[in-house]
Structures are given as structure tokens and as C-alpha cells.
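Asker: Any chance you could fold what I've pasted below:
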Amino acid sequence: MATLSREKNGDLRVRFFGKDGKRKSICLGKQNDRNAARLLDRIETLLSALKNGTILEDHIQQWLITIADTPMAKKLESAGLIKKQVKLTLEAFIDDYLALKEKKVKPSTLLTFKQTKRRLIKFLGAKISIPDVTEADADKYLVFLSLQEKLSDATIYRDCKRSREIFNFAKKSRIIRDNPFASLILPSEENKERMFEITPEMAAKVLEACPSLEWKLIFAMARYGGIRVPSELVKLRWQDILWSENKIFIHSPKTAHQKKPYRFIPLFPELKPLLEQAYDAAPEGSINVISNCKGAKNYRKGLKQIILKAGLLPWPKLFNNLRSSRETELAKTFSLQATTAWIGNTPEIALKNYLQVTPNEWQSATILRPESGTPSAIFGHFPVHQGQAELCKDSQSLTEVHGSCEVMRNDASCNEVIQSKEVTSLGLEPRTYGLKVCCSTN
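Answerer: Reported below is the predicted structural model:
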């Protein structure tokens, strides 16, 4: 319970016991009775919510937003009634949020959030207040990413998910009531058009064009080992090659936060000769399998030059499609459980983003296989009723008579419609018992 009193100089002061049981007070300055009563009521509401752990009502949350960065807000903070108010401009708020993310995520993830920050500021403006961003703004932002930024659907999906996360933090901080990006309908994350199969023939050409044994190993580990480049490649050490067990220990920074910091892959026959050559050629005391550890940008640039040298055109998502091609290849021979365990993803992710329907499979599906027989063997015959079983005995005749009705047989050599014989009064449909007439035409 808070009490209100007026001091000799005319200032109003609110006194109350805090959550810690200590007596505290807030000077409200010179206020008329109406404003003083309103402030007292709001302070009592804050005190009650703090002690009972309840959520503040909407009008109180909105009031806190309006007084942010004011002397009153600082007094409430000092008294322990509210937490330190988060800055409300878009740029300042995102900076505060990224400062928290920096301690939890990898530098590459932080970089993607900074890209989202740049796009949001470009569209909404750096000084716009967080509570002023509406659902309509979110809808327009989606169009902005597509038409002006010219991003793919998959990139738009990821950008808007990050925007949704940023504004969800504003909601948790009680700066806004609703997340303007919460109900935004996002495009599909899948981008099948950028999937590309690197066939074994293409891989052989690229390997032949590699300028060094190390580059051969880089390409082979991506195409036949299915590892991530550069994050898993640069951490690969010679002690991780378990020669006697035919396994390779892979450090996986990307899945470490999922409590999967490593995995094992087989020492595939495509990799073993190259690894043996590289091991024999490595200087004494070498630790890393790849000595010249470079960033992803440099690896992509180098691989593009090698692909062109091999007489091929660079494919989209250079290293990702190498992993995708390997996973698709393995899934045809091994179980999906084994395949995803070796590649380092889940069956859901594999089906959504990695496994491909290859051109050879499309072509193979249109070819009639000997074991399938004739086209009629593919489609099969529809089952017949027991009373009609005798109709299928004579394979030479096109039609057979059952009762007074002629039945057409399925035969590929028949090119003309054979007219049925005269229909008797029984008609084409079965008898309807209980009626005086039997012909369905009567």
C-alpha cells in the first residue's frame, strides 16, 4: 500500500515498502490532486505486479512507453518498480538486442542480423519508434524485400524471421503489445530452383582441374564427405582421421548449440586415397588437414575459377549443392537415418532442403523396364466379379457374351469400336427384385 503526502515546499511524495521490505519514496514534484491520484494509482499497480509477479495491464504498459527516457521513468527505475527502460528508436533498440545476441551466437549468425538491421532501417528509418511499427509496415516491408532489394523467397523468409525475433524481444520487454511481424505470411523457405546435382562425371572433371592436392581434398571433402565448408573443414585435424576404424571425426560448430558438437562419417572410398596422399605429403608435426585455412568467400572464389578451368559453369550455392548431391547419392543406397547422421542434419531438413530429384530419375521414370512387362502389366486388369470370371478365359476373342449382353475385352490390337448385340428386355442393369418389370428401360 502506497501513501501520498505533501511536503512543506509543495512537492508531493509517494511512500511505500518495496519488494525487499525496505521503505522507499518517490518525489512527484508539484502536481494537482487529480494527477497525484492518478500517479498514486499507477505506482500501486506497479508495486502489486512486482510483488505478485502478475502481468501489467495494457494501459499501464502504454503509460510506461510514453514516459520512457523521462525523469519519472528514472525515478521508477531507482525505486525498483520497473526495469531499466529499453531505448525505443529502431536503430538503438536493435543495437541493444544485437549486443545480447553477440554473446550467444556465432559471428556468421550475427552478420545476418546486421543485414536485417540495415534493411529495416533503410525501409522504416533509424529514428522511428518501436511502438509505431504496424502490421501494415510489416506487409510493406515484405514487398520492399522482393521488389527493391530483389531477394529470393528463401532469403526473404529468413530475413522476416529475424525481424520477427527482434520485435518479439520488444514484446517480451513490454515495449509493444503485439508483434507486427507475428501474423505476416512468409514465402516458402524452400528454393528448389537453386538445387543442382553435381554428378560424379562433373566431380571428376573438377578434381582433375584442381591446382593442388589440397584443393582436391577441399573439393572431395565437400562432394564425397558431405562436410560443411569452411566451418567443419578448417577444424579437421589429422588425429580426427581414424584409419583403423575407417571413420572420420567431424567437429560441427553449426550444430553445437543443438548439443551435437561432433559426428562421425565413414572414411568413404572416394576420400581415402586423397587423404593418404595428403598425409604422406604433409610436413612433420602438421595438425590441420587443410593448412591454408581461409574464409568462405575465398573458398568460393577459388572453386569458381577451378570449375571454369574444368570447362563447366559454376552452379548455384557452390558448397551447399556439393553436400546436397552427396546426401542424395547416399540416400539411394543407405537408410535415411544413416545418411542424415553422416551429413549432419535431420530427415526433415534433408527432405526439405537437400535431397534432390535428379534428371536421371526423371528420365528413368519414363522408360519401360523389362520386369514390368507390357503397358497392360503396368496398369493391370481391374478385378472382375465372380460371375464374370468366365469372360476372361478366351484370350483370342475381343468380346464375349454374358447372358444377352456382350462384354468388351481390353486388347491393344483393337482399333475400332465393336457394337454390342441387340439388348433384350433385361436391359444393362441387374434385376431390381420386388418390381413387376425387370427391364430398367421400362
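
Asker: Tell me which helix or strand comes right after the particular helix or strand that has Glu165 in it.
Answerer: If you go by DSSP states H and E, Glu165 is part of helix 153-172. Per DSSP H and E, the first helix or strand lying C-terminal to helix 153-172 is helix 200-209.

Asker: List the residues that contact the residue nearest to the spatial centre of the chain.
Answerer: The chain has Glu189 as the residue nearest its centroid, 5.8 Å off, counting by Cα atoms, centre = their mean. Under the criterion of Cβ atoms under 8 Å, 6 or more residues apart in numbering, the neighbours of Glu189 are Asp153, Ala154, Tyr157, Arg158, Lys352, Asn353. C-beta here means a position set from N, CA and C on the backbone, and glycine is covered the same way.

Asker: Phe16 looks like it's in a helix, true?
Answerer: No. Using DSSP: H, G, I helix; E, B strand; the rest coil, the secondary structure at Phe16 is strand, not a helix.

Asker: Against Ile55, how distant is it?
Answerer: Using Cβ to Cβ, to the nearest Å, one gets 20 Å for the distance from Phe16 to Ile55.

Asker: Pick out whichever of those two has more residues nearby.
Answerer: A direct count of neighbours by other Cβ atoms under 10 Å for Phe16 and Ile55 places Phe16 higher, at 19 against 9.

Asker: Next, the contact list for that one, please.
Answerer: Listed by Cβ under 8 Å, 6+ apart, the contact set of Phe16 reads Met1, Ala2, Thr3, Arg23, Lys24, Ser25, Ile43, Glu44, Leu47.

Asker: Tabulate these (JSON lines), appending pLDDT.
Answerer: Converted to JSON lines, those look like this (pLDDT from 0 to 100):
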{"residue": "Met1", "pLDDT": "71"}
{"residue": "Ala2", "pLDDT": "80"}
{"residue": "Thr3", "pLDDT": "84"}
{"residue": "Arg23", "pLDDT": "86"}
{"residue": "Lys24", "pLDDT": "85"}
{"residue": "Ser25", "pLDDT": "86"}
{"residue": "Ile43", "pLDDT": "86"}
{"residue": "Glu44", "pLDDT": "87"}
{"residue": "Leu47", "pLDDT": "83"}
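
Asker: Can I get the buried part of those residues as one ChimeraX selection?
Answerer: Per 16 or more other Cβ atoms under 10 Å, the buried members of these correspond to this ChimeraX selection:
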select :2,24,43,47
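
Asker: Could you save the contacts of Phe16 as JSON lines and add columns showing distance to Ser78 and secondary structure?
Answerer: Putting these into JSON lines (distance: Cβ to Cβ, whole Å; DSSP: H, G, I helix; E, B strand; the rest coil) gives the following:
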{"residue": "Met1", "distance to Ser78": "20", "secondary structure": "coil"}
{"residue": "Ala2", "distance to Ser78": "16", "secondary structure": "coil"}
{"residue": "Thr3", "distance to Ser78": "19", "secondary structure": "strand"}
{"residue": "Arg23", "distance to Ser78": "14", "secondary structure": "strand"}
{"residue": "Lys24", "distance to Ser78": "9", "secondary structure": "strand"}
{"residue": "Ser25", "distance to Ser78": "11", "secondary structure": "strand"}
{"residue": "Ile43", "distance to Ser78": "13", "secondary structure": "helix"}
{"residue": "Glu44", "distance to Ser78": "18", "secondary structure": "helix"}
{"residue": "Leu47", "distance to Ser78": "14", "secondary structure": "helix"}
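
Asker: what's the closest of the contacts of Phe16 to Ile343?
Answerer: Leu47 (55.5 Å; Cβ to Cβ).

Asker: Look up the pLDDT of the closest residue to the closest one other than its chain neighbours for me, please.
Answerer: Once flanking residues are discounted, Leu47 sits nearest to Phe16: 5.8 Å by Cβ to Cβ, 6 or more residues apart in numbering. pLDDT, Phe16: 84.
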